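Student: next come a sequence and a model predicted from it.
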Amino acid sequence: MRSWSKVAVVGVLVAVGAGAATPPARGEGRSPLDFEAVIEHAKAKVFPALVFVRPVQEDLSAGEKRRIEVFGSGVIVSADGYVVTNHHVAENAREIRCVLADRRQVEAAVVGLDEPTDLALLKLTLAPGETLAPAELGASTSVAEGQFVMALGAPYGFERSISLGIVSNARRNLGDGDRRAYNNWIQTDAAINPGNSGGPLVDTHGTVIGINTLGVQMASSLGFAIPIDIVRRVVDRLRTDGRVLRSWSGLTLRPLVDYAQGTVFDGEKGVIVDDVAPASPAERAGLQKGDRLLEVAGRETNGRYREDLPEILWTLADLPDGRPAVLVVERAGAPRRVSIVPELCDGCDVSGFEAPRWGATFQAISRDRVPDLAFLRRSGVYVLGVKFPGPAAEAGLREGDILLSVDRVAVADLSALAAAYERACVADPGKPSVLLEVQRDARRTFLAVDVLPSAAEER
């Protein structure tokens, strides 16, 4: 799998006059002389709905809390000020300022985040009774290879930039574990560079058909946008619940025809179980690698090609957690019914904990975020970052270590770690060191970490 660059958008700050020409109706013939007017019309419809997003993110990956200002773009999707952008623009944001098309700067709050689809929903702080002009959202089913599209944004900070191209593939699958598994992508040769992410992919009628998200490093004419139908689905859930609730079954699926892996299975129905996670609901239900999954809760699962998998994964993810669901599988040519009890996905909590007097940061273990650690320990706390130089680094603490105890008191979660940190550093300010028990691969060890003096002690 090639490496991918997440691209943050510096927003487009431009207002277009209302006198732009209207393009011919869909299906009518167009002469080359019409095309400039068509583009101008599309610009006039979309530019007023673009916002310049300026989040200040809190980053713990270096072993200490750092505030980083990033830039991005969003699209207004409702008159009351809801804005869609990318997850990687809004994640860990402690404050967000947005600049509207009329150059007013307003505050915004994060309504919800969804890392698997890289989407986020913001809410602008508007004056009482104020309304905005939202963008018109199209439909993914209308997108076809060869149609002209425009990617709007500010690549590398060059504002008011529009790149023109065509749809190269309307249903490109980039499935990579759970990170890009829940949607296909619109591939376009319209330039999507760092600075375009979060901005709209627009058709010649001025409707938004996707959200620009991915570009390929060291490649040209390869950009990818999230289809607008997926954006609608995710935004509706973020607006209602603040997150997208997904159930976890532990199944990895493979299509019947997988050219990337060079495998072809007989038949037209079902999808192949490629793997079953240890200690997962699927394993407890008796599912096995090689089973042909035919139905999930009464819905057929015909995954002939990779492009068919996202909708099957949504079906599995939408199963109610903690409640039995019936799956129909075929094994050795015979169908059988299996009852599975899915669990709630644990990848929604991305909060962390900073221990400044140790020089380290920590995060909760998650199947989605750190599957290798979750294989060793189903839940708990791991080392997210180690500050160098610092006491934890000098003691030999490493990123990815699983924290088991502090001064021989077990640490089960971040709350327990916060309490242990309080006891070790605050209740006994003169304590010179703290004893951390960590698991590294299959080995457990104790590390004595010196405790830095507090600010009060230094004074």
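Tutor: Good, I have the coordinates. Numbering: from 1, shown residues only.

Student: what about the strands in the stretch 101-250 of the chain?
Tutor: In the stretch 101-250 of the chain, the strands defined using DSSP state E, counting those that start in this stretch lie at 105-114, 119-124, 148-153, 161-172, 185-188, 200-203, 208-216, 223-227, 247-248.

Student: give me the sheet partners of the second one and which way each runs.
Tutor: Using DSSP bridges, strand 119-124 pairs in its sheet with strand 82-85 (antiparallel), strand 105-114 (antiparallel).

Student: nearest to Asp368, of those strands?
Tutor: Nearest of the strands paired with strand 119-124 to Asp368, taken as C-beta to C-beta: strand 105-114 at 11.7 Å. All C-beta atoms are positioned from the backbone trio N, CA, C, and that covers glycine.

Student: tell me which of the strands of the stretch 101-250 of the chain lies nearest to Val99.
Tutor: Of these, the one closest to Val99 (C-beta to C-beta) turns out to be strand 105-114, at 5.1 Å.

Student: ok, the nearest residue to Gly242 once chain neighbours are set aside to Asp236 distance?
Tutor: Counting by C-beta to C-beta, 6 or more residues apart in numbering, Gly242 lies nearest to Gly112, which is 4.3 Å off, once chain neighbours are set aside. Between Gly112 and Asp236 the computed distance is 10 Å (C-beta to C-beta, to the nearest Å).

Student: Ile209 too?
Tutor: 18 Å.

Student: who has more neighbours, these two?
Tutor: Taking neighbours as other C-beta atoms under 10 Å, Ile209 and Asp236 compare with Ile209 leading, 26 against 12.

Student: hmm, back to that, save the strands paired with strand 119-124 as CSV, and put in mean neighbour count too.
Tutor: What follows is those, written out as CSV (neighbours: other C-beta atoms under 10 Å):
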stretch, mean neighbour count
strand 82-85, 26
strand 105-114, 18
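
Student: so which of those strands comes closest to Asp450?
Tutor: For these, proximity to Asp450 was assessed by C-beta to C-beta; strand 105-114 is nearest, at 36.4 Å.

Student: contacts for that closest one?
Tutor: If you take C-beta atoms under 8 Å, 6 or more residues apart in numbering as the criterion, strand 105-114 is touched by 53, 82-83, 87, 90-91, 93, 95-100, 119-126, 234, 237-239, 241-244, 350.

Student: on that earlier part again, to Leu152, which of the strands paired with strand 119-124 lies closest?
Tutor: Evaluated over the strands paired with strand 119-124, closeness to Leu152 peaks at strand 82-85, with 13.2 Å, by C-beta to C-beta.

Student: show me what the very next helix or strand once past the closest one is packed against.
Tutor: Heading C-terminal from strand 82-85, the first helix or strand you meet, by DSSP states H and E, is helix 87-90. If contacts are counted by 3 or more C-beta pairs under 8 Å, 6 or more residues apart in numbering; DSSP states H and E, helix 87-90 sits against strand 50-59, strand 72-76, strand 105-114, strand 119-124.

Student: mind putting the ones you listed in a markdown table, distance to Ala420 and mean pLDDT included?
Tutor: What follows is the helices and strands packed on helix 87-90, written out as a markdown table (distance: least, C-beta to C-beta, whole Å; pLDDT from 0 to 100):
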| stretch | distance to Ala420 | mean pLDDT |
| --- | --- | --- |
| strand 50-59 | 22 | 87 |
| strand 72-76 | 37 | 88 |
| strand 105-114 | 28 | 95 |
| strand 119-124 | 33 | 97 |
